[in-house]
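Q: Have a look; sequence and predicted model below, questions after that.
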Amino acid sequence: MTPRIVAATPTAIHEAAQRLRAGELVAFPTETVYGLGAHALDRDAVARIFAAKGRPAWNPVIVHVADVEAARALVTHWPTAAERLATTSWPGPLTLVLPRAPHVPDAVTGGTDTVAVRIPSHPVALALLREADVPIAAPSANRFTQLSPTRAEHVAAALGDRVELILDGGPCEVGIESTVVDCTGATPLILRTGLLDAATLAARLGAPVEVAKRRVVADDTQRASPGMVERHYAPRAEVWLATSADRTEIDAALRTRRLTTPTARVGAIARGNGWAPDGADLVERLPDEPAGYARGLYAALHAFDDAGCAIVVVDAPPADGPWAGVHDRLTRATR
């Protein structure tokens, strides 16, 4: 069955809200990526998310709410840091991890004692949350570890008949997943970096923010945040992340690949007018600034997959500051 992609009109949003309250799945746009939504307090509905995505039970999902009052209803403690970050960054691409309330299902939290919550800024997401009048659990609307969707057609291609209704709200404005901050300790801790980096959040908070060290953990290990799997956000194509020191070696490797597999197509992502390998069949030039680059990244990788590229060479962006979220997604895609 082909999923229904419908424009996010008030009528369609009303239908989607009814389906969510009835325990069904609905895909919808947020400012970050498209989410696969279910009634967060309905265990059976949340289980359908995991089945549709092939997502393991130990990986928690983010709960989306319409306002701070709804977020506070899902937690047992609302620290000063959460209040300050919510005031300065919501609605927006920021998720807060806080102690869960007893009525939040284990299926949402991966069995941990915390819950991840956020208020999205996309007008369709907010309208849906208000119409449904329930918290919506919504990881990215794709198969587990695969490339996140930033357009409605990406959802349809990834999930097929696993989702019946997809609200089309156009391309996502941010383009990569939210920054996740654990507010359960004395100092807020970034578990997953997005477009909002540590310096930006520290300035908004008026206090230090730490960044969790990236480490490899066993797949069945509980964790407080999604997006901490080593291989994630990955296209079908093999991703080569190239620093300036790698360029000569990569050009040579592509020439060799041409001799052994001449029909294999190669895509490349360049920053602005910067370097792209000589052997690329398709080149996507993204803005040489983090917000514009993030906005176009997943769409470019989807396009390379659609074009049948076997390899995508990416001119590596900086690893820190506002580029940290983009760099994280690319390094996980190479695993």
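A: Arrived safely, thanks for sending.
Q: What segments of the stretch 101-250 of the chain are helices?
A: Along the stretch 101-250 of the chain, counting by DSSP state H, counting those that start in this stretch, helices occupy 106-109, 123-132, 152-159, 198-205, 247-260.
Q: To residue 91, which of those lies closest?
A: helix 123-132 (6.7 Å; Cβ to Cβ). Any C-beta I mention is one placed from the backbone N, CA and C, and that applies to glycine too.
Q: Of the helices of the stretch 101-250 of the chain, give the one that comes closest to residue 84.
A: helix 198-205 (5.2 Å).
Q: For the closest one, give me every contacting residue.
A: 81, 84-85, 88-89, 94, 179, 181, 188, 190, 208-211, 321-322, 324 (Cβ atoms under 8 Å, 6 or more residues apart in numbering).
Q: re the thing from before, Throw the helices of the stretch 101-250 of the chain into JSON lines and include mean neighbour count, distance to residue 172 and mean pLDDT, thanks.
A: Output for the helices of the stretch 101-250 of the chain, formatted as JSON lines (neighbours: other Cβ atoms under 10 Å; distance: least, Cβ to Cβ, whole Å; pLDDT from 0 to 100):
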{"stretch": "helix 106-109", "mean neighbour count": "20", "distance to residue 172": "23", "mean pLDDT": "96"}
{"stretch": "helix 123-132", "mean neighbour count": "21", "distance to residue 172": "10", "mean pLDDT": "98"}
{"stretch": "helix 152-159", "mean neighbour count": "22", "distance to residue 172": "10", "mean pLDDT": "96"}
{"stretch": "helix 198-205", "mean neighbour count": "17", "distance to residue 172": "19", "mean pLDDT": "97"}
{"stretch": "helix 247-260", "mean neighbour count": "13", "distance to residue 172": "30", "mean pLDDT": "88"}
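Q: mind putting those in CSV, distance to residue 273 included?
A: Formatted as CSV, the helices of the stretch 101-250 of the chain follow (distance: least, Cβ to Cβ, whole Å):
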stretch, distance to residue 273
helix 106-109, 45
helix 123-132, 34
helix 152-159, 27
helix 198-205, 27
helix 247-260, 15
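Q: Give me the below-cutoff pLDDT ranges for the stretch 101-250 of the chain.
A: Within the stretch 101-250 of the chain, the ranges that satisfy pLDDT under 70 run 214-232.
Q: Tell me where it has strands.
A: In the stretch 101-250 of the chain, the segments counted as strands under DSSP state E, counting those that start in this stretch are 114-118, 136-137, 165-168, 179-182, 189-192, 210-211, 238-242.
Q: other SSEs contacting the last one?
A: Applying 3 or more Cβ pairs under 8 Å, 6 or more residues apart in numbering; DSSP states H and E, one finds that strand 238-242 makes contact with strand 309-315, helix 324-333.
Q: Out of those, which is closest to residue 258?
A: So among the helices and strands packed on strand 238-242, strand 309-315 is nearest, using Cβ to Cβ, at 10.9 Å.
Q: Parallel or antiparallel, list what pairs with the closest one.
A: With DSSP bridges as the test, strand 309-315 is paired with strand 238-242 (parallel), strand 265-271 (parallel).
Q: which residues are in contact with the longest one?
A: Applying Cβ under 8 Å, 6+ apart, the contact partners of strand 265-271 are 237, 254, 257, 276-277, 279-288, 293, 297, 300-301, 303-304, 307-315, 317.
Q: which of the helices and strands packed on strand 238-242 sits most buried?
A: A comparison of those by mean neighbour count, using mean count of other Cβ atoms under 10 Å, puts strand 309-315 on top with a mean of 24.
Q: Give me the angle between it and helix 324-333.
A: Per axes from the mean of the first three to the mean of the last three Cα atoms, to 10 degrees, the angle that strand 309-315 makes with helix 324-333 is 140 degrees.
Q: Using CSV, list the CA coordinates for strand 309-315.
A: Below are the C-alpha coordinates for strand 309-315, written out as CSV (Å, rounded to 0.1, in the frame of the first residue of the first chain):
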residue,chain,number,x,y,z
CYS,A,309,25.7,6.5,-6.2
ALA,A,310,27.9,3.9,-4.6
ILE,A,311,30.2,6.4,-3.0
VAL,A,312,29.7,9.9,-1.7
VAL,A,313,32.8,11.9,-0.9
VAL,A,314,32.3,14.8,1.6
ASP,A,315,34.7,17.6,2.1
